[in-house]
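A.B. asks: Make a model of this:
(4 chains, ligands or ions: 4)
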Amino acid sequence: MSKVEMLYREALNRAIDEAMSSDSNVVILGEDVGLYGGSYRVSEGLVAKYGEDRVIDTPIAELSIVGNAVGMAIGGLRPIAEIMTANFALLAFDQIINHMAKYRYMSAGKITLPVVVRFPQGVSRQLAAQHSESYEQMLSAVPGVRVLAVSSVNYAYHALKRAIFSDDPIIFIEHELLYNKKGIVDFDEEIDIFKANIVKEGSDITIVSYLKMVDDVIKAVPEIEQKLNKSCEVIDLQTLNPIDFETIKKSVEKTGRVVIVEEDHYTGGYGSQIASFLAEKLFYTLDAPILRIAGEDTPIPYNRKLELASIPTPESIANRVTQWGESNGL
Amino acid sequence: MSKVEMLYREALNRAIDEAMSSDSNVVILGEDVGLYGGSYRVSEGLVAKYGEDRVIDTPIAELSIVGNAVGMAIGGLRPIAEIMTANFALLAFDQIINHMAKYRYMSAGKITLPVVVRFPQGVSRQLAAQHSESYEQMLSAVPGVRVLAVSSVNYAYHALKRAIFSDDPIIFIEHELLYNKKGIVDFDEEIDIFKANIVKEGSDITIVSYLKMVDDVIKAVPEIEQKLNKSCEVIDLQTLNPIDFETIKKSVEKTGRVVIVEEDHYTGGYGSQIASFLAEKLFYTLDAPILRIAGEDTPIPYNRKLELASIPTPESIANRVTQWGESNGL
Amino acid sequence: MDKREVEEIYYLMSLGRKFEYAAKEHYMSGEISGFLHLDIGQEAVSVGAMRAFEHGDVFTTYREHILAIAKGIEPKAVMAELFGKRSGVSQGRGGSMHLFEPALHFYGGDAIVGGHLPNAVGCAYARKFQKAQDGVMALFGDGATNGGAFFESLNIASAWKLPLLFLCENNRYAIGTEITRVAPFLEQSKKAEPYMPTIEVDGNDVIAVYEAVKEARSYIQKGHGPIFVEAFTYRWEGHSMSDAARYRSPEEVDIWKSKDPLKRVRKLLTQQYEMSEDEVDELDKKAQAVVDNAVEFATESEEPGVDELFDNIFVERVENVQG
Amino acid sequence: MDKREVEEIYYLMSLGRKFEYAAKEHYMSGEISGFLHLDIGQEAVSVGAMRAFEHGDVFTTYREHILAIAKGIEPKAVMAELFGKRSGVSQGRGGSMHLFEPALHFYGGDAIVGGHLPNAVGCAYARKFQKAQDGVMALFGDGATNGGAFFESLNIASAWKLPLLFLCENNRYAIGTEITRVAPFLEQSKKAEPYMPTIEVDGNDVIAVYEAVKEARSYIQKGHGPIFVEAFTYRWEGHSMSDAARYRSPEEVDIWKSKDPLKRVRKLLTQQYEMSEDEVDELDKKAQAVVDNAVEFATESEEPGVDELFDNIFVERVENVQG
Ligand SMILES: Cc1ncc(C[n+]2csc(CCOP(=O)(O)OP(=O)(O)O)c2C)c(N)n1
Ligand SMILES: Cc1ncc(C[n+]2csc(CCOP(=O)(O)OP(=O)(O)O)c2C)c(N)n1
Ligand SMILES: [Mg+2]
Ligand SMILES: [Mg+2]
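C.D. replies: Ligands and ions are numbered 1, 2, ... in the order given. Presented below is the predicted three-dimensional model:
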């Protein structure tokens, strides 16, 4: 019983379910989280178990979803707010950034906000420009909120549960294409949510990534290793704020070479902070220019061919890393 | 008459005034832009000249201010929307990012949005956490909008006027402490708004900055040059999206050393994109680690001493660059 | 109302429904992807409103195929868009949710619930400023009436007396959430009462919708400011293709299917306008042929090329760093 | 109303006004900086509301010194906050606009217009959930009633029947913009009418405010859902210290000054409660002493140290990269 195979969304469901059953102050709120079960079925079955007072279907009012969650936390609850898709979270940026992230500081620590805001993001399948974006770069730059972006099923369970019981506001970013990913949850594991995870060890190239791109990197690695005849170490960041620079540093001290892969647009993308850290703190350790692979600087198009051309794929990752390796004497 | 000394806010006022007088489709809207003259007096006198239909006092509804501007542009006008302070712009992020930045792309170019969104930002004087932020890192990462952040009075005039007549949506970021800066506007100059400006030439260290920090860098330079016995080249970015990498590149090819100074929080700050670009494309040109000087990762405190400790100042810039220079063999 | 107009209305409703079923079919077979929101059951609102507002600007949402067609966009350009083709009305960039045709004053296709309302307000401002004859119409669902953008728009349109017709398509549900669970009443026009006159209408009666919108249009054209029309209707299908609609009973759906807006106009045509069933069938056939042709056109059209990825982000293109 | 309560009310209003004038003085001389919003002229609303709502949670804005004091926060802790000292109620981190004291159920100090309303709604949800006896009050200005957050909050509080008292301080202006220029009417309670009962009250009559809030409080405590109280008043000073208030005439200001809420209670005390002018003067003196003491305390208190910069961002501190 201590290890169970399940889907990513089931792992999230399980984490919420257990948190709700162990603490009656845990509530969830969002559009269609109750009767409908959540648009990605993450909250399936919970309203039947915990009732409409704790599994709250909200109107389409994202500013209020987060704002209400903040108020609930002030009032003593532990709310988990779900935003249906990242793009709609923009409507709640004022509540996230001006309120959730700042009340504690402005009140000299008198206010504690145990709030989790969850949302899926990213390019799914032809959902077009208003349903395909990623906002980790914006949110990770906000002092006062933590940002987690979890790729593995096991970690999804542990990190969400831990986030729910954290006393800090945490934004928990998911990717729409991860929900049906299968994996094994080890219930006995103890996890530090502010640690990155080395998904694959290697000695020559460090590839840093997160969320769905980790899986795409893993798919690209065999071709890269074969063509360059080098071995890759793959780091799944897992926590975007704070950033676990220690893990990255150790790896880079071994490899001397770094590739950063993200799905979001290149310009101003989250990976630029990682690259910036390396160029500042590990400059003398680097043996080659950093390679950043990211989405193109364009709104996401509907047409499938264009959509795929706008983001990294296992193929494009393999190609670009190989080319970069070759032109840098690897 | 072709060169006139004026304040930064007067230069902006002049640009808007001339645009309004030459094109009756130019309108401005925002809170207190009319009767009150704008909270930083940028629109002073305009309502008397152009009437309430063209200088529109809006309710406190930032989502609508930008959303209405987008609709006005669809309807054939050239709106300039003013958001009183950057922090309130968060309420309009949905309209900026989901609508203003995407309608053209989603409509295959059938919609043209000649909208300018102006706002002041940054740490002024003890305005505390909800009135002191900077959002250039978030907005510069959005494909579909241009972002300008102008430091000189001359450029303020030219860039704003040019932005008003651009057919692309442009976010024009100002800094609250620049409004009373004096400078000379040269009306005969022709300016490319997508070019950075070399404010001071030098041969050993490239310092990249923008907005108010450019002035602070200039104040710090004499001490740096004296202590390190090296000369600094100072680049005022002026355009944050697109980024004028050409100008940076030329400078770095000369100096081999780069410092990036910004007021915004360090983690995820705008400067990380510049650092990332250098680490990718100019790795072999760099002779020393990049130094980023930025605000601390904290909400801005009210107390003046803490406030000043949370952002770069001429003194801290001089100290950090000197230290960095010394420990990197300069 | 003269017979030709009623015929045209019937034809458009029939065309709309057949279009939607064809879209559904080609979604199931994979040529169409993404989110597909069908308007079946709500044709009376879409067609009635567009026919009564031919010249003005129309801002609407992601459930807009029939609106687009009734406003004059060619069915084949809409179908090709759903197929992601370059011949689509948005050249395959927008898909089902993003149909734009400024030449026909159609700004359909905003997929942020309520997000287009401030844009409609701004456009109404421009039209008033320009002393244009026609005003602006904004369509939205019951679910949009709980969001800040909606309220800000009511207030501003009213404070500034803008020529804006708010048209609420109340189909009782926002995805799986019944409106009465998240608002204090069923009739969303109540929310507009402090700001402007309101009209409630049976949204399954196309003639009633048409008349109400005509009346409302003439109100805004006279410069009285905004007005609010609420049409009560029902969607037969799930919210989008990925919705199994378990939140409502089959009985409820059946009751509404028995109020089929299309059958109602057919009856009107045969009973009041003395058309034979065969003559009405001819209209259906004509509609089917147009839809078939649209599918054929969409199927045969070319996809956009990958080299066009960066087209139409900006008017003024500046080389960027990536690649 | 019994005499002791009216005396206490007068005392708090007097204290409030003297506090504000002292703040103004020390702003001019530089010990206080940033934005300083004075409540002079509006004391009846602030004190009346807080006295009638002693136990519940209060969410309010940046114009909140008197509210904080009337809710029980020590004047010296408020003044020290304005001075940016460690002994301030927010340890010098918040300043005038951000006063928080959860122990007294006071969450004043949000400086995003309307931004605290969704938080108040959430807190009211928690109180209902906990079957708490006291509800929540949210105070806001006329200018906040045009923003989306306000409307979303009306709708949600009403749909979910939350124990929330909306209290609008209508002082006619949002900085330089008169409310009637950006909303279709003066009375903002009209906007709440579709959702809940509303009460309008003379905001310069502290007894009327007190009674109205008491009544409203008992309504929400009975579980009927939210209620809306609108108090009409006027601020004598500019919006903040940086406002010369050229958008309104001196005559207008004078008319309102003649309705001084403080004089009105004084009259009540001397005429109806048989206090002598001297006795009332004593209350003023007591208030002045408290204010003087607060200034002294604030002046002498220490500033926070630079090494405390990163305190209280998070509960769980993790080392970060900078520095
Ligand atoms: C701001 C925002 N929040 C959430 C969504 C997800 N969403 C898409 S449609 C929809 C329901 C809208 O219901 P309604 O307005 O009644 O229109 P209908 O679909 O019934 O036509 C929701 C919640 C969205 N697109 N935008
Ligand atoms: C969202 C937002 N927009 C703009 C501002 C700037 N601002 C501060 S106070 C104010 C006027 C508010 O007026 P009102 O609500 O009537 O309150 P009053 O100041 O009259 O008490 C404005 C526009 C702000 N703080 N927040
Ligand atoms: Mg609906
Ligand atoms: Mg006011």
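A.B. asks: and stretch C:184-197, which residues are buried?
C.D. replies: C:184, C:187, C:188, C:189, C:190, C:191, C:192, C:194, C:195, C:196 (16 or more other Cβ atoms under 10 Å in any protein chain shown). Any C-beta I mention is one placed from the backbone N, CA and C, and that applies to glycine too.
A.B. asks: The last one and residue C:131, how far apart?
C.D. replies: Distance of residue C:196 to residue C:131, given as Cβ to Cβ, to the nearest Å: 21 Å.
A.B. asks: same check, this time on the fifth one
C.D. replies: According to Cβ to Cβ, residue C:190 and residue C:131 sit 33 Å apart.
A.B. asks: likewise residue A:278?
C.D. replies: Counting by Cβ to Cβ, the gap between residue A:278 and residue C:131 amounts to 60 Å.
A.B. asks: These two: who's more crowded?
C.D. replies: Using other Cβ atoms under 10 Å in any protein chain shown, the more surrounded residue of residue A:278 and residue C:131 is residue A:278, with 26 against 7.
A.B. asks: Quick one: residues contacting the more buried one.
C.D. replies: Residues near residue A:278 by Cβ atoms under 8 Å, 6 or more residues apart in numbering or on different chains: A:248, A:252, A:258, A:286, A:290, B:279.
A.B. asks: average pLDDT across the host helix or strand of it?
C.D. replies: Following DSSP states H and E, the helix or strand that holds residue A:278 is helix A:271-281. Looking at helix A:271-281 alone, the average pLDDT works out to 97.
A.B. asks: buried stuff in that helix?
C.D. replies: For helix A:271-281, using 16+ other Cβ under 10 Å, the buried residues are A:271, A:272, A:273, A:274, A:275, A:276, A:277, A:278, A:279, A:280, A:281.
A.B. asks: Cross-check the contact I'm expecting between the third one and residue B:270.
C.D. replies: It refers to residue A:273. No: with contact taken as Cβ atoms under 8 Å, residue A:273 and residue B:270 are classed as non-touching, separated by 10.7 Å.
A.B. asks: hang on, residue A:29 in a strand?
C.D. replies: Yes: using DSSP: H, G, I helix; E, B strand; the rest coil, the assignment for residue A:29 is a strand.
A.B. asks: Near it, how many other residues are there?
C.D. replies: Neighbouring residues of residue A:29 were enumerated by other Cβ under 10 Å; the total is 24.
A.B. asks: I'd say residue A:106 and residue D:93 touch.
C.D. replies: Yes: contact between residue A:106 and residue D:93 holds when scored by Cβ under 8 Å: they sit 5.9 Å apart.
A.B. asks: what do these two both touch?
C.D. replies: Common neighbours of residue A:106 and residue D:93 (criterion: Cβ under 8 Å, 6+ apart): B:128, B:129.
A.B. asks: Check the contacts of residue A:278 and tell me the two furthest apart.
C.D. replies: Maximum pairwise distance among the contacts of residue A:278 (Cβ to Cβ): 13.6 Å, between A:248 and B:279.
A.B. asks: in the chain, which spans are strands?
C.D. replies: Defaulting to chain A. For chain A, applying DSSP state E gives strands covering A:3-7, A:26-30, A:55-57, A:78-82, A:116-121, A:146-149, A:170-175, A:182-186, A:197-200, A:205-209, A:232-236, A:239-241, A:258-265, A:291-295.
A.B. asks: My question was about chain C, not that one.
C.D. replies: Remark: strands assigned in chain C by DSSP E are C:57-59, C:100-101, C:106-107, C:136-141, C:164-170, C:173-174, C:177-178, C:198-202, C:227-232.
A.B. asks: In the stretch 101-250 of chain C, which residue sits nearest ligand 3?
C.D. replies: The shortest separation between the stretch 101-250 of chain C and ligand 3 is 3.6 Å, found at residue C:141 (distances taken as Cβ to the ion).
A.B. asks: what's across from the closest residue to that residue other than its chain neighbours in the sheet?
C.D. replies: Spatially, and ignoring its direct neighbours in sequence, residue C:141 is nearest to residue C:169 (5.5 Å; Cβ to Cβ, 6 or more residues apart in numbering or on different chains). Applying DSSP bridges to residue C:169 gives these bridge partners: residue C:141, residue C:231.
A.B. asks: coming back round to it: of all the contacts of residue A:278, which comes closest to ligand 3?
C.D. replies: residue A:248 (47.2 Å).
A.B. asks: pLDDT score assigned to the closest one?
C.D. replies: As predicted, residue A:248 sits at a pLDDT of 97.
A.B. asks: does it really touch residue A:196, like I thought?
C.D. replies: Yes: under the contact definition of Cβ under 8 Å, residue A:248 touches residue A:196, with a separation of 6.9 Å.
A.B. asks: what separates the closest residue to residue C:162 other than its chain neighbours from residue C:48, distance-wise?
C.D. replies: In space, residue C:162 comes closest to residue C:124 once its chain neighbours are excluded; the distance is 4.0 Å by Cβ to Cβ, 6+ apart. Using Cβ to Cβ, we find residue C:124 at a distance of 21 Å from residue C:48.
A.B. asks: That's all I had, so thanks and see you.
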